[in-house]
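Novice: Dropping the sequence and predicted coords here.
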Amino acid sequence: MAQAGAEMKAAGGVTVSDGPHRLALPVPLRFVHMERKGWAEAVAAPDFDALMRASPTALEAFSLNGDLLWTVQTWCRLREAGYGGIELAARPAPGRINIAKSKVWSRLGRPRGCFAVSIQADYPRVRWAQCHIQQNRDLTAHGDLYQTLWPQAAIIPRDPARRQVRRVGFLGKADGNLALDEREWTAVLAARGFEFVARPPGRWHDFSDLDIALGIRDFTTRRHPHKPANKLLNAWIAGVAFVSGSDSAFADVGRPGRDYLRALTLAEALSAIERLRAEPRLYDALVTAGRTRAFAFSTAAIVDEWVANLEGPVAERYRAFAAAPGQEALRAALGGAAQHGIDTAKAAARMLLRRPYEP
């Protein structure tokens, strides 16, 4: 395994200088990030999971920031899996496969002569990028790649001593991601003898005193194609029953009625929660099935998924990029012009609506 001490300075960042494995890529791989709080601590630690368990500040930073999750954590995981020669930097460079979130690419602007892989996540598509990675298969119709987002780090599973189904929790950013609000959930569940808790970011990993986790963004049939399946994966790993809304990502990786329950209305959600209390066999069956499914989303499995995407379609797309520089430059310029128009319109809309610039 490559250790933190085996790193050396790269241009604007670090690179793993050794390791028993090398990715089969035509050029070096570089993860580009925004140097968010917590990144240097993760790079310095030889064991990412141990750091997340030991450092509340690092755990909260990686829970809140998708840039850290997608780039810095992936760099750390690949390093710990023994892959060497992978760079981590604040700027892209020519002669590299540069990977960043779409939000980061939008901030940096189009890097001329650089091959850019954009992880779209919850943000708009960066039209000039040469390759796109999605966290939901709904958005891969244009030849984009699908990649599973890492589950929550340092999950504390449900206490096996819990026997009653009594406490329902939501672990995540509630704004825009939770149907109703905390007070409404507290009231409707208290009327039925349940407790409701919404964890702060520093405790999104703690399922120890929960019996049911919610993943209901709204009471509609919207598929939420930009959203990942993480809330379901986290519940499986934690050994907690999960009640979802209509997210396509949940149905893509899970099986409604077998490893989680789905509810499209408040009445259906309350019925599902009450069933889980009234039917211990159903609860145990969902949890057991979820634990079994969780093995497919282990750290090792997601590392393998990354390696397959990088050595396969990403490397192939880079070779096409390198073989036709003139054509690729024109395509990127046209995409950049379209992107500039979109970004200008969005900035004008923010000013008109008096919304602050997105951090």
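Specialist: Everything's here; your move.
Novice: Please name the spatially closest residue to Ala190 (chain neighbours excluded).
Specialist: Closest residue in space to Ala190, ignoring its immediate chain neighbours: Phe196 at 7.4 Å, by Cβ to Cβ, 6 or more residues apart in numbering. (C-beta placed from N, C-alpha, C; glycine too.)
Novice: what number of residues lie near Thr71?
Specialist: Residues within reach of Thr71, counting by other Cβ atoms under 10 Å, total 25.
Novice: mind checking how far it is from Arg30?
Specialist: According to Cβ to Cβ, to the nearest Å, Thr71 and Arg30 sit 10 Å apart.
Novice: Overlap in contacts, those two.
Specialist: Residues within reach of Thr71 and of Arg30 at once, by Cβ atoms under 8 Å, 6 or more residues apart in numbering, are 88, 99.
Novice: How about the contacts made by Thr186?
Specialist: 195-196.
Novice: all helices in the chain, in order from the N-terminus.
Specialist: 39-44, 48-54, 56-64, 66-67, 73-80, 102-108, 182-190, 230-238, 248-253, 266-278, 280-294, 299-309, 315-323, 325-353 (DSSP state H).
Novice: Run through the neighbouring helices and strands of the fifth one.
Specialist: Looking back up the chat, that one is helix 73-80. Helix 73-80 sits against helix 39-44, helix 48-54, strand 86-89, helix 299-309, with contacts defined as 3 or more Cβ pairs under 8 Å, 6 or more residues apart in numbering; DSSP states H and E.
Novice: Which secondary structure element of the protein has the lowest mean pLDDT?
Specialist: Lowest by mean pLDDT, DSSP states H and E among the helices and strands of the chain is strand 7-10, with a mean of 54.
Novice: Let's check: the centremost residue of the protein is which one?
Specialist: Leu149 (3.7 Å; Cα atoms, centre = their mean).
Novice: hang on, isn't it packed against Gln73?
Specialist: No - between Leu149 and Gln73 there is no contact under Cβ atoms under 8 Å: 9.5 Å.
Novice: Can you tell me how far the closest residue in space to Ala263 that isn't next to it in sequence is from His132?
Specialist: Leaving aside its chain neighbours, Ala263 sits nearest to Ala269 (3.8 Å; criterion: Cβ to Cβ, 6+ apart). Noted for Ala269: a distance of 34 Å to His132, by Cβ to Cβ.
Novice: likewise Asp284?
Specialist: In terms of Cβ to Cβ, Asp284 sits 40 Å off from His132.
Novice: who has more neighbours, the two?
Specialist: His132 (21 against 11).
Novice: which residues does Asn309 contact?
Specialist: By Cβ under 8 Å, 6+ apart, Asn309 lies in contact with 133, 145, 147.
Novice: ok, and the most crowded of the residues you listed?
Specialist: Using other Cβ under 10 Å as the neighbour test, the contacts of Asn309 are led by Ile133, with 25 neighbours.
Novice: give me the number of residues near Pro111?
Specialist: 19.
Novice: That one is in contact with Pro92, isn't it?
Specialist: Yes - proximity of Pro111 to Pro92 meets the contact threshold set by Cβ under 8 Å, at 4.5 Å.
Novice: what do those two both touch?
Specialist: Common neighbours of Pro111 and Pro92, counting by Cβ under 8 Å, 6+ apart, are Asn98.
Novice: Please dump the helices of the chain into a markdown table; it should also carry mean pLDDT and distance to Phe219 for every row.
Specialist: Output for the helices of the chain, formatted as a markdown table (pLDDT from 0 to 100; distance: least, Cβ to Cβ, whole Å):
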| stretch | mean pLDDT | distance to Phe219 |
| --- | --- | --- |
| helix 39-44 | 96 | 38 |
| helix 48-54 | 97 | 34 |
| helix 56-64 | 96 | 26 |
| helix 66-67 | 94 | 26 |
| helix 73-80 | 97 | 33 |
| helix 102-108 | 95 | 29 |
| helix 182-190 | 97 | 12 |
| helix 230-238 | 98 | 16 |
| helix 248-253 | 97 | 15 |
| helix 266-278 | 98 | 6 |
| helix 280-294 | 98 | 21 |
| helix 299-309 | 98 | 31 |
| helix 315-323 | 96 | 40 |
| helix 325-353 | 60 | 26 |
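Novice: Would you mind finding the most buried of these?
Specialist: helix 230-238 (a mean of 26; mean count of other Cβ atoms under 10 Å).
Novice: Off-centre distance for that helix?
Specialist: Put simply, helix 230-238 sits 12 Å off its chain's centre (Cα atoms, centre = their mean, to the nearest Å).
Novice: okay, the angle between that helix and helix 299-309?
Specialist: 140 degrees (axes from the mean of the first three to the mean of the last three Cα atoms, to 10 degrees).
Novice: Can you pull out the residues in contact with helix 230-238?
Specialist: Under Cβ under 8 Å, 6+ apart, the answer for helix 230-238 is 149, 151-152, 155-158, 171-172, 207, 210, 213, 215, 241-242, 244, 249-250, 253-254, 259-260, 290-291, 293-294, 297.
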